[in-house]
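1. no FASTA, just this:
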């Protein structure tokens, strides 16, 4: 029985918040855990977390909203999110000690007991970087795939605009657009990110929205004929500037609206140019990656050969140690991350 | 050659406007016209206008906007819009004197020389009221058909909300929704209109939005489980109240946003609840009837039998005489009309 008892550092969610999240909304706590699935937990798997994923949607888990589209965090319990880890002990026939696994809802802690194996997958493709299973081969990749191929109806020659374009999802969307023969322009918030868009991800052009006093004018400069597809990650003023620049029969794939997540209700930016949706027969459509997860095999078929041939790039921003996780998460909302934000807990895989 | 010269009263568009249109933006002018197609106009048709149609989209023809989706009016020339009339003289082989015709772009005048026959159709169905070709069998009917059947993906049991529900389009949408086995609630701006919705058009329920201090609360009362389909005619605050009340995978067919047409740019109502589009996988899609006109045969097949069997109702508001046309048009924007607004010029068909 038993199993060695070891330290288990955890990131505890303090309480529901309003407005911007702060590091102090999370507490670092040192617990202990036995490295063995308790007898009463049939089918459970004990995982040593190796990498945690920081994602913008996690802001929505920190507030009780009318229409939460994600499960909210429990005050006093660890933050939960995507992770990859290694099985330390297993009572489930599909998983054995030493297996590498991707977990959709693991705790932000060194070791997690995963009691429902619905959202844990054994990693089959071990010949690519392990972290890719939290990025280009994980939720971010699937989000880009669903939003671009399933929602945006791309065709060769289409003009594509991506906001938050160097982020976890945007950088993939831009590369998918190029694979489809589209003209793609991205926007990001620093010179370094703009350089990445042009030189690393192969966007046709890119600009720093913080340097544009007039977003409408900037869009007219990059898209004199208008935009066929807008991949929406930002919302608010950005969306309002895009709408008049959409082409007839344009598509807007609503992946996220990060500019609005931390605003109190009265602060949210009203969008005034929606009449364009009628006047130009625009289709604006939201999607949640969860409902497209059956397409993972198609994502793998497309992307894994591209990764192996070096034909697709993926930039990650890896924070070191579980103690750095709160700052890494909060950094998403000020654009501090460059590419996909991860936290490394251990690398002994 | 010649032909009798007769009086031709016209409604002249004065100049581009900003904000709400006024009667004084149009001038009544008495010209004359020879009742014969001029020799140099091969293929032209001379039409005596019998009924003119007043439509909200005509507001967009009165301003030079960035993204006009309709041809704008020419200052000093007659207003143009939909009409039905009788051919007085024809140089086109498809039309002969005495034919009843529906014209997509006729002048607001007693007689119009139609030089392009692209947008003139001989009326085949003469066993229904002639005015219906400007309403339930015309652009309004086609708009309701396209927006409901082609855009909204209705299925039995869906909950449907229609704004401006007693208007030219809304009253048809509600009846289509009932035909499809949906639960449909409409909103309008007077008690009389609300009564029509419930008692004449068979909506399951209806309310006067002017009597609801809290639109969100009203929608929660009528749709405790949420809205599957919103047929959008209004925009602004109404759309903002609807968005949080949409169901998962809901559809918003954007037909019009009449509350916003007369507002100056800085007055337009910002919509704050767009995050629901992502969180609930909503599809919000605009459409213009012009691009669905190939479906007129399907509209006729559906609606004409229903009209003859008395299974569909259509309420019209008919102003008498061309002099009443400016007030009739402007009345649309204060909701003065009850049902489809028309102007009768003559009834000698």
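-> Happy to help now that I have it. None of the values given here were measured: they were computed from a predicted structure.

2. and chain A, which of its residues are near chain B?
-> Contact residues (CB under 8 Å from any CB of the partner chain) of chain A with chain B: A:60, A:66-69, A:235, A:239, A:244, A:254-257, A:260, A:265, A:268-272, A:274-288, A:291. Heads up, the C-betas are built off the backbone N, CA and C, glycines and all.

3. and with 7 Å instead?
-> By CB under 7 Å from any CB of the partner chain, the residues of chain A that approach chain B are A:66-67, A:69, A:235, A:244, A:254, A:256-257, A:260, A:268-272, A:274-288, A:291.

4. those helices in chain A, which residues are they?
-> Secondary structure of chain A (DSSP state H): helices at A:139-145, A:170-179, A:191-199, A:215-222, A:236-242, A:275-279, A:296-308, A:325-331.

5. outside of the last one, which residues touch it?
-> This means helix A:325-331. Contact partners of helix A:325-331, identified using CB atoms under 7 Å, 6 or more residues apart in numbering or on different chains, comprise A:11, A:21-23, A:26, A:52, A:54, A:58, A:108, A:319, A:337, A:341, A:343.

6. if you set the cut-off to 6 Å instead, what comes out?
-> Residues outside helix A:325-331 that contact it (CB atoms under 6 Å, 6 or more residues apart in numbering or on different chains) are A:11, A:21, A:23, A:26, A:54, A:108, A:319, A:337, A:341, A:343.

7. quick revisit: of the residues of chain A next to chain B, which belong to strands?
-> Counting by DSSP state E, the part of those found in strands is A:254, A:283, A:284, A:285, A:286.

8. So what's the residue count around the closest residue to chain B within the stretch 201-349 of chain A?
-> When scored by CB to the nearest CB, the stretch 201-349 of chain A has residue A:270 as its residue closest to chain B, at 1.5 Å. By the measure other CB atoms under 10 Å in any protein chain shown, the count of residues near residue A:270 is 17.

9. quick one: low-confidence ranges for the stretch 51-200 of chain A?
-> In the predicted model, the stretch 51-200 of chain A carries pLDDT under 70 at residues A:66-67.

10. And the residue of it that's closest to chain B?
-> Chain B sits closest to residue A:69 of the stretch 51-200 of chain A, with a gap of 3.8 Å, by CB to the nearest CB.

11. didn't that residue look like it was pressed against residue B:281?
-> No. When contacts are counted by CB atoms under 6 Å, residue A:69 is not listed as touching residue B:281 (8.7 Å).

12. the more surrounded of those two?
-> Of the pair residue A:69 and residue B:281, residue B:281 is the one with more neighbours under other CB under 10 Å, namely 21 against 18.

13. Could you double-check that that one sits in contact with residue B:251?
-> No. Using CB under 6 Å, residue B:281 makes no contact with residue B:251, being 10.2 Å away.

14. Setting aside sequence neighbours, what's the nearest residue to residue A:299?
-> Sequence neighbours aside, residue A:145 is the residue nearest to residue A:299 in space, at 4.7 Å (criterion: CB to CB, 6 or more residues apart in numbering or on different chains).

15. Does residue A:13 touch residue A:79 like I think?
-> Yes. Using CB under 6 Å, residue A:13 is in contact with residue A:79, at 5.3 Å.

16. before we move on, the earlier item: nearest spatial neighbour of the residue of the stretch 201-349 of chain A closest to chain B, chain-adjacent residues omitted?
-> Residue A:270's closest residue in space is residue B:270 (CB to CB, 6+ apart), at 1.5 Å.

17. Kindly give the local confidence score, pLDDT, for the one you found.
-> Listed pLDDT for residue B:270 reads 92.

18. got the contact list for it?
-> Residues near residue B:270 by CB under 6 Å, 6+ apart: A:270, A:271, A:272.

19. ok, now how distant is it from residue A:280?
-> To residue A:280, residue B:270 is 19 Å away according to CB to CB, to the nearest Å.

20. Which residue ranges of the stretch 1-150 of chain A form strands?
-> Remark: strands assigned in the stretch 1-150 of chain A by DSSP state E, counting those that start in this stretch are A:5-13, A:26-34, A:45-53, A:80-90, A:100-107, A:111-114, A:120-122.

21. mind giving me CSV with the ones you listed and columns for distance to residue B:197?
-> Compiled in CSV, those are given as follows (distance: least, CB to CB, whole Å):
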stretch, distance to residue B:197
strand A:5-13, 48
strand A:26-34, 52
strand A:45-53, 50
strand A:80-90, 47
strand A:100-107, 46
strand A:111-114, 53
strand A:120-122, 52
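
22. Adding distance to residue B:298 and mean neighbour count, write those strands out as JSON lines.
-> Shown next, in JSON lines, are the strands of the stretch 1-150 of chain A (distance: least, CB to CB, whole Å; neighbours: other CB atoms under 10 Å in any protein chain shown):
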{"stretch": "strand A:5-13", "distance to residue B:298": "55", "mean neighbour count": "18"}
{"stretch": "strand A:26-34", "distance to residue B:298": "58", "mean neighbour count": "14"}
{"stretch": "strand A:45-53", "distance to residue B:298": "49", "mean neighbour count": "25"}
{"stretch": "strand A:80-90", "distance to residue B:298": "47", "mean neighbour count": "23"}
{"stretch": "strand A:100-107", "distance to residue B:298": "45", "mean neighbour count": "22"}
{"stretch": "strand A:111-114", "distance to residue B:298": "54", "mean neighbour count": "24"}
{"stretch": "strand A:120-122", "distance to residue B:298": "47", "mean neighbour count": "18"}
